[in-house]
Each structure stands twice: as structure tokens, then as C-alpha cells.
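>>> next one to model:
(one chain, ligands or ions: 1)
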Amino acid sequence: MEHSFLRHLLKGAHKDEAEARRRRLTLYFISYVGGTLMAIMAGINVGGDNPFLIAALAVSATVIYLNVIASHIFPHSDVSYYVAGLIVLFTFNALIYTGGYNNTGLYFLYPLIFVQIIVVSFRPALLYVAATMMLAVVMLFNQHLIYAQYAEEDVSRFLISMGCFICVAFIAENFWHQSRKEMLEENLERTRQANTDPLTKLPNRRFLEAVYFEKVSKDPVSYFPLSTVVVDIDHFKVINDSYGHDVGDEVLIQFTEIMKSAVRTTDIVARTGGEEFLVIFPKATLTQAVKLAEIIRAKVEAKPFDKGDIHHKITASFGVATALTDGNINATLKQADDNLYQAKNSGRNKVV
Ligand SMILES: Nc1nc2c(ncn2[C@@H]2O[C@H](COP(=O)(O)OP(=O)(O)OP(=O)(O)O)[C@@H](O)[C@H]2O)c(=O)[nH]1
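Down below sits the predicted model:
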């Protein structure tokens, strides 16, 4: 089994839920509060002398509501975030174009750009903000093209403060992402250590129970029939007693390598005890699993432990059982254990 496969499974159990929740809640909050405010402002301006403002606010409010409804219907899709970024681009520049209520539009733009930075993820947000600001600059320096009119000093103050604001917002956002990434990596490493046997680097019993069988129960179609093979090295105590514990450790490592080389990357080889291992073959019938176990058994037998003066034949016994559904994994493991016991009692170096 590839180390990266174990990492991949652990990573799946470690997704950055906090970041996803932050984006989603920001989208909901700004959509409901912002959409309602815009609808109210459109209403207040009805009858005023700025029809563009009413139209811009009404369009923004409607699209914001439609977008947030779509995000509830498709909660796993990112499209609503990118649409929200476009709505900001439109509303931001519509406020500059129309001048907003009593020409106060420029003051409402800071939170809008911040929303764009959070909701659209970091790199695309750079593009969104650049496009939004470029359009704004074109309008502010070509005021003959737009409805509102701003004094030159207001434009300078706005652009300078907005420039500073954008820098600070991106720096803060970058730190948030970096620190979350480091924290997730640390957590992943800690989880990996807790789920890995330090000697053989194989996944351990905790990994099987807390991660693998969880995953299996969530997606039974991809795993069942699930064949399990309990493997135990024969007379391992003799190796320790004859050559010492260190040599015993080396035998365990060699044994691990042989087993890993005999299985597919989607199979699992775990160390469940001292000289006891569990091999799992997803999507394998009992007959197939017995054949696969026989291949491993023959490979182990064919490769004695050779080091210096030591030449020791290694064999192992195998107990195989197959679970057809999620409900009988424990019974299957017990059956595989019983079969191993039979293999041991009937002469060892066998698959039962
Ligand atoms: N070197 C080493 N030995 C270990 C480790 N974990 C368990 N052992 C040893 O494995 C041996 C297991 O011995 P037994 O349970 O008697 O089994 P066995 O000698 O393999 O005999 P059968 O299983 O009946 O064939 C014991 O001597 C343990 O000390 C380890 O990490 N390293």
C-alpha cells in the first residue's frame, strides 16, 4: 500500500471545514443583509431624481437573492461564490456610476471589496478586485461618461484609502490562509503518527477502526465484498530468542515489504499486533482473497531473512474471511481469526 494512499484517506477525514463555513456564512450574511439594505435603499430612492441608482440597487438586490437561493439549493457548488464576486463588481461600479444616495456611494464600497476577497477564494479574488478597481478608475477619471460627479480631492482620497484598504485586507487574508494551512498540516501529521505503526510505517489498528472502516461504511458499493486476511508470522519468538529483538524488528520490516509488494495500492496492509497483520482486499470475493493470500504466503516463504551469518526461513499463517455487508465486518474479522488459529494448529505456513 502506498504511503500517499494512507495520507489521502487521512486528508479526506481532515478537510478544512472552517474555511468552507467562513465563506458560506459570509455569503449568507452579506446576501441577506446587503440584499435587504439595497432593496430598502431602492425603495427610499423611488421618486427621486436618480433612476439609475434605483435600477442598480433593484437589480443588485434581485440577483443577490437569486444567488443565495441557488447556494442553498446547491450547497457544495462554488458557483455562487464567483457570482457573488461578480455582483460586487457590478454593485461597486454601479454606486460609483450613480453616486449613491446623496452622492455618498463611495463610502459604501469598502465592505463590498472585503466581501469579494473573502467569498471568492484568494487567487481569483486578486483578479476580481483588479477588474473591479480598474473599471472604477476608468469611471472616476472619465466622469463625463458617468451620471455622478465627484470632486478631484474626493477621488484622490477614495483611491488612496481604498488602495491601502485592499493591501491590508489581502495581507490579513494571506496570513489567515497560511496559518490555517500550517495548522491543518500539523494536525494531519499528528493524525498520521497516531494512525501509523512507527516500526513498519504501516497503518495500525486505530487507522482501521477510526478511518478505514468509517470510510467503508459510507461507501459500501465501492468496498464490498470486503475480504480480510489475518496474517501471523510463524514461530516469531524463536527469531527474537535466537538473534535478538533488533533482528526480529528487521524481519518484521522485510516481511512488511514483501506483503506490500504483493498487493494493489488500494488494498490495505496494517499491523494490528506484534507479529500480526491484517490485509484487506476491497471488492474481492472469498475465492479471490484466498488466491491473493496464497500468493503472499508463497512470496514470504520464497524470501528467507539473510543477513551476515543469519539465514532464517520465514513463513506465515493466514486466516481469510469475507464480509458481504457493512453489518458483518466484526463477525468477519472474528472468522478470519478463527481460520488463522486453524492454520496454526494444522501445521502453519498455510492459508485457511
Ligand atoms: N522484535 C520484535 N518482536 C516483537 C514485536 N512485537 C512482538 N514481538 C514478539 O513476537 C513474539 C510473538 O510470539 P508468540 O505470540 O509466542 O508467537 P510465535 O512465536 O510467532 O508463534 P506462533 O504465532 O504460534 O507461530 C514475542 O516474542 C514478542 O515479544 C516487535 O515489535 N519487535
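>>> mean confidence (pLDDT) on the longest helix anywhere in the chain, please.
Ranked by residue count, the top helix of the chain under DSSP state H comes out as helix 152-194. Averaging pLDDT along helix 152-194 yields 94.
>>> what about Ile295, neighbour count?
Residue neighbour count, defined by other C-beta atoms under 10 Å, stands at 12 for Ile295. Yep, even glycine has a C-beta here, placed from its N, CA and C like the rest.
>>> quick check, it in contact with Ala262.
Yes. When contacts are counted by C-beta atoms under 8 Å, Ile295 is listed as touching Ala262 (5.7 Å).
>>> buried sites along stretch 68-78?
Val68, Ser71 (16 or more other C-beta atoms under 10 Å).
>>> what's next to that stretch, contact-wise?
Stretch 68-78 is touched from outside by Arg24, Leu27, Tyr28, Ser31, Tyr32, Gly35, Val79, Ser80, Tyr81, Val83, Ser121, with contacts defined as C-beta atoms under 8 Å, 6 or more residues apart in numbering.
>>> now that stretch, how far from the centre of its chain.
On the basis of C-alpha atoms, centre = their mean, to the nearest Å, stretch 68-78 sits 19 Å off its chain's mean C-alpha point.
>>> which strands or helices does the longest helix of the chain pack on?
Of the remaining helices and strands, those touching helix 152-194 by 3 or more C-beta pairs under 8 Å, 6 or more residues apart in numbering; DSSP states H and E are helix 3-12, helix 17-45, helix 109-119, helix 122-140.
>>> and whichever residue of the stretch 101-250 of the chain sits closest to the ligand, what element?
Among the residues of the stretch 101-250 of the chain, Gly248 lies closest to the ligand, at 2.5 Å counting by C-beta to the nearest ligand atom. Secondary structure from DSSP states H and E places Gly248 in helix 245-261.
>>> just the pLDDT for the closest residue to Pro304 other than its chain neighbours.
In space, Pro304 comes closest to Lys313 once its chain neighbours are excluded; the distance is 4.7 Å by C-beta to C-beta, 6 or more residues apart in numbering. As summarised for this prediction, Lys313 has a pLDDT of 97.
>>> same deal with Phe52?
Confidence per residue is given as pLDDT, and for Phe52 that number is 90.
>>> gap between it and Leu278?
As judged by C-beta to C-beta, to the nearest Å, Phe52 and Leu278 stand 70 Å apart.
>>> please apply the same query to Ala270.
For Ala270, the distance to Leu278 equals 5 Å [C-beta to C-beta].
>>> overlap of the contact sets of these two?
Leu208.
>>> gap between the next helix or strand after the longest helix of the chain and the chain center?
Moving toward the C-terminus from helix 152-194, the next helix or strand (DSSP H and E) is helix 205-206. If you compare the mean C-alpha spot of helix 205-206 with that of the full chain, they lie 21 Å apart, counting by C-alpha atoms, centre = their mean.
>>> helix 205-206 and the ligand in contact?
No. Helix 205-206 lies apart from the ligand when judged by C-beta under 6 Å from any ligand atom; the minimum separation is 13.4 Å.
>>> and the contacts of that helix?
For helix 205-206, the external contacting residues (C-beta under 8 Å, 6+ apart) are Ala194, Asn195, Ala270, Thr272, Gly273.
>>> one more time with 7 Å
Residues outside helix 205-206 that contact it (C-beta atoms under 7 Å, 6 or more residues apart in numbering) are Ala194, Asn195, Ala270, Thr272.
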